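Trainee: can't give you the sequence, but here's the structure:
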């Protein structure tokens, strides 16, 4: 009986140790399983996010391409609209000039006066919001009434003639007129006159917007 009691006491004394030895492997196994599950879940999340990043990158590239195409198309349409507006202004100017000439000129019977009026009106046009006549040298950025008079006196009376005159020759004309004309730079005048003579009003307007008193 005593031995049985002693045995029971021995078991009771070692119970915590036995329980600890049983719980430790269980806890280690549970932690290992949980860690494995967590790693697998994170791996799946990374794979999913990588796929979404790839998809968004592809969509972003497509959107950038569409944006570039839309901007190019918008610029082309804006240029087309600007040209149409310029043509409209010129046509409106010609129409108004024709009306004025027809209203003010009488008919001689053979219609010659009206024909002359129509020809004179057609020679007038609108450019940069102003009414001009053909071969008006003042349409060139940098040329005013005084310089136009100097050029006329030198035999340069048309856009074509000015376009064929070198900058050195124009410089000689200005120098001969006195020191007041030294500040003028005729380097672009021939090119501007050439554009006017060819009727390239859009190119002339764009160039003049970039000039400073005729200086590039």
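Mentor: Alright, I've got the coordinates. Keep in mind that what you see is a predicted model, and the values were worked out from it rather than measured.

Trainee: And the strands in the chain?
Mentor: Assigned by DSSP state E, the chain shows strands spanning 124-127, 130-133.

Trainee: In TSV: those, plus distance to residue 24 and mean neighbour count.
Mentor: To be clear about C-beta, it is placed using only N, CA and C from the backbone, and glycine gets the same treatment. Listed next are those as TSV, based on distance: least, Cβ to Cβ, whole Å; neighbours: other Cβ atoms under 10 Å:
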stretch	distance to residue 24	mean neighbour count
strand 124-127	97	20
strand 130-133	99	13
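
Trainee: For those strands, please prepare a markdown table with the additional fields distance to residue 189.
Mentor: Output for these, formatted as a markdown table (distance: least, Cβ to Cβ, whole Å):
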| stretch | distance to residue 189 |
| --- | --- |
| strand 124-127 | 16 |
| strand 130-133 | 16 |
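
Trainee: Least confident of those strands, on average?
Mentor: Mean pLDDT values for those show the minimum at strand 124-127, a mean of 78.

Trainee: Which strands border that one, and is each parallel or antiparallel?
Mentor: Note on strand 124-127: by DSSP bridges, its sheet partners are strand 130-133 (antiparallel).

Trainee: Which residue is the nearest non-sequential neighbour of residue 166?
Mentor: Counting by Cβ to Cβ, 6 or more residues apart in numbering, residue 166 lies nearest to residue 190, which is 7.0 Å off, once chain neighbours are set aside.

Trainee: ok, the one you found touching residue 160?
Mentor: No - applying Cβ atoms under 8 Å, one finds residue 190 not in contact with residue 160, separated by 10.4 Å.
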